[in-house]
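**Q** using only what follows, build the 3D model:
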Amino acid sequence: MTDASRKVEATVTLGLLAAWAVHDAEEMLMVPRWTRSRVPALRDRFPKVPEAVWRGLGSVDREEFATAVAAMAVVVGLTAGEGLRTGGRSVVYQTALDAFGLHGLVHLAQAAVVRGYTPGSVTTPVVVLPFTVWARSRLRAAGVLRPVRARDLVGALGLAAVATAGAHALSRGLRRGR
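**A** Presented below is the predicted three-dimensional model:
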């Protein structure tokens, strides 16, 4: 490990996994019940949303969601480990950190659109966003934070979307294989 990489505490890199776990615990507890209770009213309120979206949201059960979260835990854990291994320099780690923060903003936008609670909107302002800002500040202080351009942010959101879709596809596939 180089001197510069020692400046980045393990809490900066492995903290991504911890912050993600707290945030996803909220989602694990709330998604199945929230979708059952809120999707019918949202479907009526937003009739232009394609029916396939509503079917997808309404069909999420606790076991499928838990399997998808477990798959994402592996991805986030490997990413945080890569961040630790590289002293926070890893492009993969920094992109995932940015994606984590951006996905928190998506949660807040969702809550604003539905004018109420959405799963993930409670831990976003108290865990997701503060951790992301803090971790980025620690990376900056250590001199390892990459500059971020708009296209990097689009890429980070795309990465988060692909990882999430992949985790859910894996979960459905595993459930069908039983």
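**Q** all contacts plus neighbour counts: C-alpha atoms, from now on.
**A** OK.
**Q** give me the residue ranges of this structure where confidence is low.
**A** Screening the chain residue by residue with the criterion pLDDT under 70, one finds the ranges 1-6, 58-60, 168, 177-178.
**Q** for the closest residue to M28 other than its chain neighbours, helix, strand, or coil?
**A** Once its chain neighbours are removed from consideration, M28 has its nearest residue in A66; the separation is 6.6 Å (C-alpha to C-alpha, 6 or more residues apart in numbering). Here A66 is helix, with the state taken from DSSP: H, G, I helix; E, B strand; the rest coil.
**Q** neighbours of A66, how many?
**A** By other C-alpha atoms under 10 Å, the residues close to A66 number 19.
**Q** the protein: helices as residue ranges?
**A** Chain-ordered helices for the chain, with DSSP state H as the definition, fall at 3-6, 10-45, 51-58, 62-85, 91-114, 123, 129-141, 150-176.
**Q** out of those helices, which one sits most buried?
**A** Between these, helix 123 has the highest mean count of neighbours, a mean of 21, where neighbours are mean count of other C-alpha atoms under 10 Å.
**Q** run through who's touching that helix.
**A** If you take C-alpha atoms under 8 Å, 6 or more residues apart in numbering as the criterion, helix 123 is touched by 22-23, 26.
**Q** any idea how far that helix is from the middle of the chain?
**A** Relative to the mean C-alpha coordinate of its chain, helix 123 is positioned 11 Å out (C-alpha atoms, centre = their mean, to the nearest Å).
**Q** likewise stretch 105-122?
**A** In terms of C-alpha atoms, centre = their mean, the gap separating the centre of stretch 105-122 from the centre of its chain is 14 Å.
**Q** same question for stretch 157-168.
**A** 9 Å.
**Q** can you check stretch 65-72 too?
**A** Computed by C-alpha atoms, centre = their mean, the chain-centroid distance of stretch 65-72 equals 12 Å.
**Q** could you export it as CSV, CA atoms only?
**A** Taking Å, rounded to 0.1, in the frame of the first residue of the first chain, the C-alpha atoms of stretch 65-72 are listed here in CSV:
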residue,chain,number,x,y,z
PHE,A,65,-36.7,-8.8,-3.7
ALA,A,66,-34.5,-10.3,-0.9
THR,A,67,-32.7,-12.4,-3.5
ALA,A,68,-32.1,-9.4,-5.7
VAL,A,69,-30.8,-7.5,-2.7
ALA,A,70,-28.4,-10.3,-1.9
ALA,A,71,-27.1,-10.2,-5.5
MET,A,72,-26.6,-6.5,-5.2
